[in-house]
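Novice: missing the sequence, but the structure's below:
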């Protein structure tokens with residue numbers, strides 16, 4: 001049994017639901033039931049089929065998201081999430097570069113790295129090197145002035161934790177931001193990279209080991225094992241190429257407003273809604289959210 005969850009940022013119509021049902025029937029599915037999680041916003045279509053039929057549904061709709069997954073185990077017991085452009089609205093290193101007057105130069109490298117066009121570790125070293133000499137006080141200023149929590153992030157993490165799931169923020173960004181973001185949102189803990197300083201200024205280096213794609217995947221696997229869970233019981237979400245390994249290994253791997261390579265690798269995509277879409281995907285109605 002599979003569930004296709006339709007989620008709209010504004011209004012989901014009966015016609016939208018009927019359209020997806022018809023696509024599924026054409027592909028050979030037997031529709032079992034339709035259930036509105038939130039009237040006019042999120043709806044489950046339960047169906048029986050030999051496979052998920054996701055490829056049939058993808059690209060046949062616009063203006064709303066569809067998450068397809070097995071019915072069994074849809075409510076996940078662990079979350080592993082990226083930070084920059086996922087749990088917060090910015091790329092922190094790009095904003096630090098703005099204070100240094102070199103944002104365009106660094107932002108271009110960031111974009112290429114997130115698209116998978118550059119090696120993540122090499123790109124990180126190159127960008128941090130350009131920030132050498134930046135006053136440490138800029139970090140607090142950047143956090144206060146630029147860091148904005150992504151819509152739905154608090155609800156997602158706090159609701160999952162209230163229902164027994166541990167939530168981990170695993171970022172290729174920096175502890176000086178990630179630790180504060182994790183505390184503000186309500187994560188269990190955070191893992192990220194450590195900027196090095198010299199006499200109150202950035203030294204232009206990052207401490208080893210680098211937290212990149214492999215570390216994100218290994219964190220999900222290790223924490224799942226430590227909690228007696230399988231990867232199938234985990235949810236992973238991110239937007240960049242360095243998130244692909246953890247997204248691919250998770251039971252529900254989500255590309256959130258992601259770069260094309262990441263979107264192509266993910267089992268689910270959220271292109272329209274905010275992070276509360278991942279609560280609807282797990283069957284949580286708004287009345288069940290913790291805010």
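Specialist: Structure received. Just so it is clear, the structure is predicted and the values come from calculations on it, not from any experiment. Numbers count the residues shown, from 1 in each chain.
Novice: residues near residue 178, how many?
Specialist: For residue 178, the neighbour count with other Cβ atoms under 10 Å is 26. Every residue, glycine included, has its C-beta placed from N, CA and C.
Novice: that one: which element?
Specialist: Assigned by DSSP states H and E, residue 178 falls within helix 175-185.
Novice: repeat that for residue 202.
Specialist: Taking DSSP H and E as the definition, one finds residue 202 inside strand 201-206.
Novice: quick one on the thing from earlier: can you list the residues that contact the next helix or strand after the helix holding residue 178?
Specialist: Counting by DSSP H and E, the element after helix 175-185 in chain order, helix or strand, is strand 189-193. With contact meaning Cβ atoms under 8 Å, 6 or more residues apart in numbering, strand 189-193 is reached by 83, 124, 168-175, 177-179, 181-182, 206-207, 210-211, 215, 219.
Novice: so what touches the helix holding residue 178?
Specialist: 83, 87-88, 92, 139, 142-143, 147, 149, 153-154, 157-158, 169, 171, 189-195.
Novice: how about a cut-off of 7 Å?
Specialist: Contacts to helix 175-185, defined as Cβ atoms under 7 Å, 6 or more residues apart in numbering, come from residues 83, 87-88, 92, 139, 143, 147, 149, 153-154, 157, 169, 171, 189-190, 192-195.
Novice: which parts of this protein are strands?
Specialist: Assigned by DSSP state E, the chain shows strands spanning 2-7, 30-38, 42-48, 65-70, 78-81, 166-174, 189-193, 195-198, 201-206, 234-238, 252-256, 268-270.
Novice: how about those in JSON lines, adding mean pLDDT, distance to residue 276 and mean neighbour count?
Specialist: Shown next, in JSON lines, are the strands of the chain (pLDDT from 0 to 100; distance: least, Cβ to Cβ, whole Å; neighbours: other Cβ atoms under 10 Å):
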{"stretch": "strand 2-7", "mean pLDDT": "98", "distance to residue 276": "8", "mean neighbour count": "23"}
{"stretch": "strand 30-38", "mean pLDDT": "98", "distance to residue 276": "10", "mean neighbour count": "15"}
{"stretch": "strand 42-48", "mean pLDDT": "98", "distance to residue 276": "9", "mean neighbour count": "21"}
{"stretch": "strand 65-70", "mean pLDDT": "98", "distance to residue 276": "11", "mean neighbour count": "20"}
{"stretch": "strand 78-81", "mean pLDDT": "98", "distance to residue 276": "13", "mean neighbour count": "27"}
{"stretch": "strand 166-174", "mean pLDDT": "98", "distance to residue 276": "15", "mean neighbour count": "24"}
{"stretch": "strand 189-193", "mean pLDDT": "98", "distance to residue 276": "21", "mean neighbour count": "20"}
{"stretch": "strand 195-198", "mean pLDDT": "98", "distance to residue 276": "32", "mean neighbour count": "15"}
{"stretch": "strand 201-206", "mean pLDDT": "98", "distance to residue 276": "33", "mean neighbour count": "18"}
{"stretch": "strand 234-238", "mean pLDDT": "98", "distance to residue 276": "12", "mean neighbour count": "29"}
{"stretch": "strand 252-256", "mean pLDDT": "98", "distance to residue 276": "12", "mean neighbour count": "27"}
{"stretch": "strand 268-270", "mean pLDDT": "97", "distance to residue 276": "10", "mean neighbour count": "23"}
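Novice: turn those strands into TSV, including distance to residue 55.
Specialist: As requested, the strands of the chain are exported to TSV (distance: least, Cβ to Cβ, whole Å):
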stretch	distance to residue 55
strand 2-7	13
strand 30-38	18
strand 42-48	15
strand 65-70	10
strand 78-81	26
strand 166-174	29
strand 189-193	34
strand 195-198	43
strand 201-206	40
strand 234-238	21
strand 252-256	16
strand 268-270	13
